[in-house]
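Trainee: structure here, sequence nowhere to be found:
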């Protein structure tokens, strides 16, 4: 018999307590996804270098003398190779090798997010942690959170355990828009997949539109990455990284001490 | 030497970045790692074939035809015999079909035009990322192969071309799944006109569920083979041999 049975249940965690934050599945997916997205981005920039122009619609090319209108044309940048070696895989120009990496790591990216979304749905992670509650979506609430973030005033204590509305929107955007978007637009560029799933090319309005959206989704992920890193650094990088490695997170202390202990 | 914390962090970040990059390049050169990546490529081909079945590539309307169609790869042929044929509009030219066939053929352009014709408006996708749409016309490759009659050992159709690319003859190959696909045609006309030299006169392959480098131009001979080994670089195509592009180009 343990003595705890007679004790009152433990009090709600408060600032300073170590609590379980991220499940093992979330942590595994997070780091797998980081590796996959990094390789996809760097090999993707090499693939983009092969034709650094983006179009809308079904077709688009730089036929000599009669180029189709491009909404983004980086072919004049850096002698037509806009993304430099330090940010591409491989670092020397090789479209073939970049494609080899891209279409292998695509399996890791796709299977990982597919499995994670399925687990998140079944385990209740989406409903419990990610889905915004109706009152949170009120403009006044969102504005309040934006102001708090701008002042670097982050939630403390138990409130830090829940995602705030800006986090929910950012994580939801990555999980439900950017990652599925980058994968589906990627598949749409494959002539084989066009035959297998003609609906995809209609959905995105053409292969060249899909290529443009693929690039925009990828840069959405890059933008998320920089904001995410900035927030981790501001919120306490050691605590945040530990929680994503071990699952344990120390709740930030409340700004004022709850009570004064006489020394 | 005193280093500020900012400098140390900078050096650390640059070092980590450098390690990541040189690590990726080292992996890129590792035979084992490339083997794993190539394994995924094989998986891609099998998965696509399973999902596609015999499905057709999307066909477009006249209104979708792109105003310009970028000629790519070789856009002219230096070979004197070819130039002489071009000057005579290929009047006494003939396509050779040989290798693992029951009856080798010599098919003049008139014979190819006399076969049932398929017209299709399809999208051409370059491996580099651009696309162009055109209307193609010609006999189905399957009909030509059926006329010759395949031997049971035949597995690949190899297209031998008149042009040199980077000093070596252009060639391409597809397997029988694609060779007998209804949209796989030997196109002699593009947008209602006989093929021009930049687009592969007198004959080019259209294999619509694969990328541009498979669409061999200036086809002189179709050879049926049981293996791609022992032919030029052994990878089944000029770009595959010289640049390392994948033989299966459905992605």
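Mentor: All right, it came through fine. For clarity, every value in this text was computed on a predicted model and none was experimentally measured. Residues are numbered from 1 along each chain as shown, chains lettered A, B, ... in the order given.
Trainee: where in the chain is pLDDT low?
Mentor: Using chain A here. A:1-10, A:256-263 (pLDDT under 70).
Trainee: actually it's chain B I care about, not the one you picked
Mentor: Of all residues in chain B, those with pLDDT under 70 make up the ranges B:1-18.
Trainee: at contact distance from chain A, anything in stretch B:32-43?
Mentor: Yes. Applying Cβ under 8 Å from any Cβ of the partner chain, one finds that stretch B:32-43 is in contact with chain A at B:34, B:36-41, B:43. Glycine gets a C-beta too; all of them are placed from N, C-alpha and C.
Trainee: of those, buried ones?
Mentor: When the residues of stretch B:32-43 next to chain A are checked for burial by 16 or more other Cβ atoms under 10 Å in any protein chain shown, the buried set is B:34, B:37, B:40-41.
Trainee: got a list of what the closest residue to residue A:27 other than its chain neighbours touches?
Mentor: Distance criterion Cβ to Cβ, 6 or more residues apart in numbering or on different chains; nearest residue to residue A:27, sequence neighbours excluded, is residue A:244 at 5.8 Å. Contacts here follow Cβ atoms under 8 Å, 6 or more residues apart in numbering or on different chains; on that basis residue A:244 touches A:22, A:27, A:30-31.
Trainee: element containing residue A:244?
Mentor: Counting by DSSP states H and E, the element that carries residue A:244 is helix A:237-245.
Trainee: helix or strand right after that helix?
Mentor: Using DSSP H and E, the helix or strand that follows helix A:237-245 in sequence is strand A:248-250.
Trainee: what about residue B:112, distance to chain A?
Mentor: Relative to chain A, residue B:112 is positioned 25 Å away (Cβ to the nearest Cβ, to the nearest Å).
Trainee: show the contacting residues for that residue.
Mentor: Contact analysis of residue B:112 by Cβ under 8 Å, 6+ apart lists B:95, B:138-139, B:144, B:186, B:188, B:203.
Trainee: from residue A:163, how far out is the spatially closest residue to residue A:116 that is not a sequence neighbour?
Mentor: Nearest in space to residue A:116, with sequence neighbours left out and distances taken as Cβ to Cβ, 6+ apart, is residue A:29 at 4.2 Å. Per Cβ to Cβ, to the nearest Å, residue A:29 is found 16 Å from residue A:163.
Trainee: and those two? Which one has more around it.
Mentor: Under the neighbour definition other Cβ atoms under 10 Å in any protein chain shown, residue A:29 and residue A:163 were set side by side, and residue A:29 has more, 21 against 17.
Trainee: surely that one and residue A:111 touch.
Mentor: No. Contact between residue A:29 and residue A:111 fails when scored by Cβ atoms under 8 Å: they sit 10.5 Å apart.
Trainee: what are the phi and psi angles of the nearest residue to residue A:20 once chain neighbours are set aside?
Mentor: Nearest residue to residue A:20 in three dimensions, chain neighbours excluded: residue A:247, at 5.5 Å (Cβ to Cβ, 6+ apart). According to degrees, to the nearest 10, the main-chain angles of residue A:247 amount to phi 100, psi -20.
Trainee: off-centre distance for stretch B:98-115?
Mentor: 21 Å (Cα atoms, centre = their mean, to the nearest Å).
Trainee: list the contacts of residue B:107.
Mentor: Contact partners of residue B:107, counting by Cβ under 8 Å, 6+ apart, are B:94-95, B:97, B:144.
Trainee: between all of those residues, which two are separated the most?
Mentor: Comparing all pairs in the contacts of residue B:107 by Cβ to Cβ, the longest separation belongs to B:94 and B:144, at 12.3 Å.
Trainee: so for those two, which residue has more residues nearby?
Mentor: A direct count of neighbours by other Cβ under 10 Å for residue B:94 and residue B:144 places residue B:144 higher, at 22 against 17.
Trainee: mind checking the SS state of the more buried one?
Mentor: helix (DSSP: H, G, I helix; E, B strand; the rest coil).
Trainee: which stretch of helix or strand covers residue B:19?
Mentor: Under DSSP H and E, the secondary-structure element containing residue B:19 is helix B:5-29.
Trainee: which residue is nearest the centroid of the chain?
Mentor: In the absence of a named chain, chain A is used. residue A:174 (4.1 Å; Cα atoms, centre = their mean).
Trainee: wait, chain B was what I had in mind.
Mentor: With the centre of chain B defined as its mean C-alpha position, the nearest residue by Cα atoms, centre = their mean is residue B:214, 0.6 Å away.
Trainee: against chain A, how distant is it?
Mentor: Distance, residue B:214 to chain A, using Cβ to the nearest Cβ: 10 Å.
Trainee: how near is that residue to residue B:102?
Mentor: From residue B:214 over to residue B:102 the distance is 26 Å, taken as Cβ to Cβ.
Trainee: repeat for residue B:170
Mentor: In this view, residue B:170 and residue B:102 are 27 Å apart by Cβ to Cβ.
Trainee: more neighbours: which of those two?
Mentor: The residue with more neighbours, out of residue B:170 and residue B:102, is residue B:170; 25 against 10, by other Cβ under 10 Å.
Trainee: ok, residue A:245 - contacts?
Mentor: Listed by Cβ under 8 Å, 6+ apart, the contact partners of residue A:245 are residue A:27.
Trainee: what's the first helix or strand after the helix or strand encompassing residue A:27?
Mentor: Under the assignment given by DSSP H and E, the secondary-structure element containing residue A:27 is helix A:24-50. Sequence-wise, the next helix or strand downstream of helix A:24-50 (DSSP H and E) is strand A:53-54.
Trainee: show me what that next one is packed against.
Mentor: With contacts taken as 3 or more Cβ pairs under 8 Å, 6 or more residues apart in numbering or on different chains; DSSP states H and E, strand A:53-54 sits against strand A:72-73, helix A:207-235.
Trainee: dump the ones you listed into CSV; add mean neighbour count and distance to residue B:78 as well.
Mentor: What follows is the helices and strands packed on strand A:53-54, written out as CSV (neighbours: other Cβ atoms under 10 Å in any protein chain shown; distance: least, Cβ to Cβ, whole Å):
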stretch, mean neighbour count, distance to residue B:78
strand A:72-73, 14, 33
helix A:207-235, 17, 33
